[in-house]
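*Asks:* got a sequence here, can you model it:
(2 chains)
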Amino acid sequence: MVGEELTEQETALYDRQIRVWGADAQRRLSKSHILVYGMKGTITEFCKNIVLAGVGSLTLVDDRAVTEEALSANFLMPPDENVCSGKTLAELCRDSLNEFNPMVRVSVEKGDLTSFGVEFFDKFDVVVISFCSLATKKLINERCRKLSKRVSFYTVDCRDCCGEIFVDLQKYNYAMKRLDETTECELQYPSFQEAISVPWRSLPRKVSKLYFAMRVIERFEEAEGRKPGEICIEDLPAVLKLKKEICEAQSLNESHIPNALLERLVTGTREFPPVCAIIGGILGQEVIKAISGKGDPLKNFFFFDSVDGKGIIEDISDPTPKG
Amino acid sequence: MGVSCGKQGKLTITDDDVIEKSNLSRQFLFRDWNIGQAKSTVAASAAALINPHLRIEALQNRVGSQTENVFDDTFWENLTAVVNALDNVNARLYVDQRCLYFQKPLLESGTLGAKCNTQMVIPHLTENYGASRDPPEKQAPMCTVHSFPHNIDHCLTWARSEFEGLVEKTPAEVNAYLSNPVEYINAMNKAGDAQSRDTLEHVLECLEKEKCDTFQDCITWARLRFEDYFADRVKQLIFTFPEEASTSTGAPFWSAPKRFPHPLQFSVVDPSHLNFVMAASILRAETFGISVPEWVKHPKTMAEAVGKVIVPEFQPREDVKIETDEKATTLSSASVDDAAVINELIRKLEQCRKKLPPGFRMMPIQFEKDDDTNYHMDLIAGLANMRARNYSIPEVDKLKAKFIAGRIIPAIATSTAMATGLVCLELYKVLDGGHKVEDYRNTFANLALPLFSMAEPVPPKVIKHQDLSWTVWDRWILKNNPTLKELLQWLKYKGLDAYSISHGSCLLYNSMFPRHRDRMDRKVVDLVREVAKVELPAYRHHFDVVVACEDDEGNDVDIPPVSIYFS
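*Replies:* Numbers count the residues shown, from 1 in each chain, chains lettered A, B, ... in the order given. Take a look at the predicted model:
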C-alpha cells in the first residue's frame, strides 16, 4: 500500500503541504480512516483541516438536529433553514465537508456511539470525540485499546473561551529529529482513565489549573446525570462543594482551583469561534502527525485559555512503571 | 464572530492574485471550479454565504505606493483596524508604515509550514512591525554562484538566473531596442559602463550570430549553450586555476568548500543531456515565435537533429579574469575602452536592425513554476543538474528543484487556522479598546514539535525632551494652514529651535540662508508647491515635513514628523 504513487491530481492539490511533510506522509494520510463524534465548532474546524489534508475517509457521528447554537459556531452549516430541515448535524456537515475535498470519503454513521462494539472501532486508525461524558470517554478509549492494531484516541472539549485536548497513542514509536540527528523514540501513553487517576498531589505545582477545573466539571455532570454542557450558573454552589470534596480526597488545597475559573466553565458552555480555530488547528496537526509518523506528538494534555492567551502542554501520566 | 455585520460595518479585502489548484489544500473558501478567478471576489462571496449579514467589499489591488490613489487618506482614516495576510516582508513594511502614519492597529501574522507567528501592533502601546527586523537571508556570494558552487542551492540560484536572462531579460532588451532604437542607444551611451556593454553584447548575439529562423537553429543554439556552460567554461576555469593551483598565501586553491569541476562530454545517448537540449530549444523557439515540430518529443529523432550540430573546438585563454573575491557584487568587469566597445556594438546593431523584417519582435517568457507542460522547470532543473554534475554535487528531481528555484513557501491548513484564531482573539481586544499592552499576546508556535510560546508585545522606544516625550507613533500636527513663521514659533514654544525644514528630499527652509527669511510669511503649503515643486493630489488634505531642531544648549533633538493640514 505504501508503495502506491500519488496521482497527478493529488500531487498538484497537495503540493504545498507535501513540501512540509513529504510525499510518503501524504500517501499514509490518503490511506487513513478517521472517526469523529460531536459535530460542534472545534470538531468542525478539525474536520475541515483533515479533509483538506487529504485523509482517506472521515466518518461523522452526531444524530442531533440543528439548533441555533450550532449555527453560531459551526461554519459548515448553511444559514438557510430550509436546507437544514430534516437533516442531522452529521449529515449537514458531511454535505459541506465533501465539497472541501472530493477525494476524501466523508460519511455518516447513525446511532449511539457507546453501543458500537469493538469491531466497529477496528475500521479506524484515529478516533476523536468531543463533548462526551466521563463514562463515554473511558468507554470509547477502552474499546480502542482492546484492538490489536493501534487506534489513536483523542478527546477535545472547548468551553467558554478555553479548550482541552487529550491524546492517547498507546505505545508509540517514532523517529525524533534534532538538527542533523535522528533518534528512535518510544513513548508510552496512559489511557484517559489512567491519566486522570494520577493522584493530584503528585503532580507538579505549576500544572495548568484548567486540568483540575475540567475534571471537577466532568465529575459534576456525571454525578448529576447531565449531558456534557448541560450546566448553568445555578449549579455553581454545588460545583464548588464538589470541588472541596475532591480536593480534600486528593489532599490538594482547594484554593488551587480558582472559583472564578469554575464559574466561567459553568456559565460559558458555548464554544468561541477563535478558540475553535486554534484548538481545531492544533488537533488537526496532532492527528496528521500520528498518521504520518512525522513530527513529535503531543503528550498527553494540551490546554489553552484566552484569558491569559497561553497554550500549555502537560504530561499527566504515572511515572512508576507497571508490574 | 459577526465582525462587520452591522449597519455601519465594512470589511474591505484586497488581493491581486487568482486561484490556483495548490491553494485549495488550505484556502477553503475556494472550490475546484473557482480556479482562475480572483481570490478576493470569490472569498467575499463564500464568506457572505456563511454569514449573510457580512458587509464586505472585494478589491484586486496590491497595497503599496502605486495604489495610494485607491487606498487614499480618507480610506485609511476611516479604518478601525488592519489585518495582514501577506506573503512577503516588503508589503508588510509598507502596511506597517501606513498604520504608523494613520495611527491604526495592525494585526500581523504569518505561517511557514507547521510554524506560525502573530504580532500585535497597537498605536502608542507597542513597537511597530518594522522596529525589529529578521536578519537578512544569507545570500551566497556572487563568485560562489558564478564559478565555485558547492551545493545544489548554488546551482539552482545560478540556473534560475540564467533562465531569466536567456528567455526573459535578453528578449525584453531586444524588444526595448527595436521599439525605440534612438532612445535605447542614447541611454546605453549615457550609461557607458560595463553592464551596458554586456547587455548590448547579448542583444547583438540574439539578432546576429545566434538569431534563430528555424527550429534547427534553436537546436544548434541549445547544443552550443550546453557546450559553453558545461564544457568550455569549466575547461577555462580549470585552465586558469589548475587542480594543484595555490592562492596568494600558498594554500591550495581548490580546498573545501570549493569543489574541483570536470567538463561534461555531451552525448545524445545520455537522457539528461538530450532533455536539456530539448527544453532549451523549445523555449528558444518560443522566444522567436518559431513553432515546435512534434518529432522533438521523440528521443531518437531529437538525437539525430542534435547530432547534426557542428560544435567548434574550444581553446582556453590565458588572459581571462575570473572573480574570486567573495565580496564582489558584480560580474561585469569594467575596462578602459567600454565606451568605444559600446559604440562599435551599436554600429553593428544598427546594421542588423536594417536587415530585420519590419515589426520583428521577440517574445520574452516569464517564469511560471506551476505549469508542468511549459518546460520552464525542465530547463531550470536541467541547468542546475548539469552544473551539479560538473562539480560532483548530488542532483535533485524536478519537484525538489521547483521548491528551491520557485521559492515556494510550504503551507498547511492547521497552522493557518491556528494563526487565524489567535489573531481573531486579539481582534476582540482591539475593537473593545482601552486594553493595556499586557493584555495583548504575540505568539510563536511550531505544531511539529509541538511548541507554543506566547508573550506580551514590546512597548515602543520613548524619546524625551524637557517635559515632552514621544515615540515612533507620534505625529505633531498643525492645522489651519500655517505660515513658516507660525511653524517655527510653534516649535519655539516647545523649547525647540528649528534650523532646517524639508519635504521629501527638498529643502524648504534653512536658517543658514538669508534668502529663506523672505519665506517667513509664506504658507508652508505654498512653499511645498513652489519650492519643492510638488503637486499635491486633490485627495490630499495635509503633507509632512521633517524638521531638524536644536534645544537651548545646541543639542540636536530627533522630533516626530510634523503633519501640516492645509484644507
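*Asks:* how about the residues of the stretch 201-323 of chain A near chain B?
*Replies:* Counting by CB under 8 Å from any CB of the partner chain, the residues of the stretch 201-323 of chain A close to chain B are A:273-282, A:284-286, A:288-289, A:294-296, A:298, A:302, A:306, A:309-313. Quick note: C-beta positions are derived from backbone N, CA and C, even for glycine.
*Asks:* tell me which of those residues fall in strands.
*Replies:* Counting by DSSP state E, the part of these found in strands is A:Phe302, A:Lys310, A:Gly311, A:Ile312, A:Ile313.
*Asks:* between the residues you listed, which is closest to B:Pro242?
*Replies:* Distance ranking of these against B:Pro242, using CB to CB, places A:Ile313 first at 58.5 Å.
*Asks:* which one of the ones in strands among the residues of the stretch 201-323 of chain A next to chain B is nearest B:Ser196?
*Replies:* A:Gly311 (56.7 Å).
*Asks:* quick one, what contacts that closest one?
*Replies:* Applying CB atoms under 8 Å, 6 or more residues apart in numbering or on different chains to A:Gly311 gives the contacts A:Ile278, A:Ile282, A:Phe302, A:Phe303, A:Phe304, B:Thr443, B:Ala445, B:Phe452, B:Met454.
*Asks:* go on, B:Thr12?
*Replies:* Contacts here follow CB under 8 Å, 6+ apart; on that basis B:Thr12 touches B:Ile56, B:Glu57, B:Leu59.
*Asks:* lowest average confidence, helix or strand, in chain A?
*Replies:* Between all helices and strands in chain A, the lowest mean by mean pLDDT, DSSP states H and E belongs to helix A:81-84, at a mean of 67.
*Asks:* let me have the contacts of A:Gly311 in CSV, extended by neighbour count, distance to A:Leu236 and pLDDT.
*Replies:* Conversion of these to CSV gives the following (neighbours: other CB atoms under 10 Å in any protein chain shown; distance: CB to CB, whole Å; pLDDT from 0 to 100):
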residue, neighbour count, distance to A:Leu236, pLDDT
A:Ile278, 29, 27, 97
A:Ile282, 28, 30, 97
A:Phe302, 23, 26, 97
A:Phe303, 22, 21, 97
A:Phe304, 27, 23, 97
B:Thr443, 24, 32, 96
B:Ala445, 26, 34, 96
B:Phe452, 20, 30, 95
B:Met454, 17, 29, 95
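*Asks:* closest to B:Pro537 out of those residues?
*Replies:* Minimum distance to B:Pro537 across the contacts of A:Gly311 is 39.7 Å, recorded for B:Thr443 (CB to CB).
*Asks:* quick check: that closest one is in a strand.
*Replies:* Yes - checked against DSSP: H, G, I helix; E, B strand; the rest coil, B:Thr443 lies within a strand.
*Asks:* longest strand anywhere in chain B?
*Replies:* Criterion DSSP E: the longest strand present in chain B is strand B:542-550.
*Asks:* any buried residues in it, and which?
*Replies:* Burial within strand B:542-550, assessed by neighbour count using 16 or more other CB atoms under 10 Å in any protein chain shown, is assigned to B:His542, B:Phe543, B:Asp544, B:Val545, B:Val547, B:Ala548, B:Cys549.
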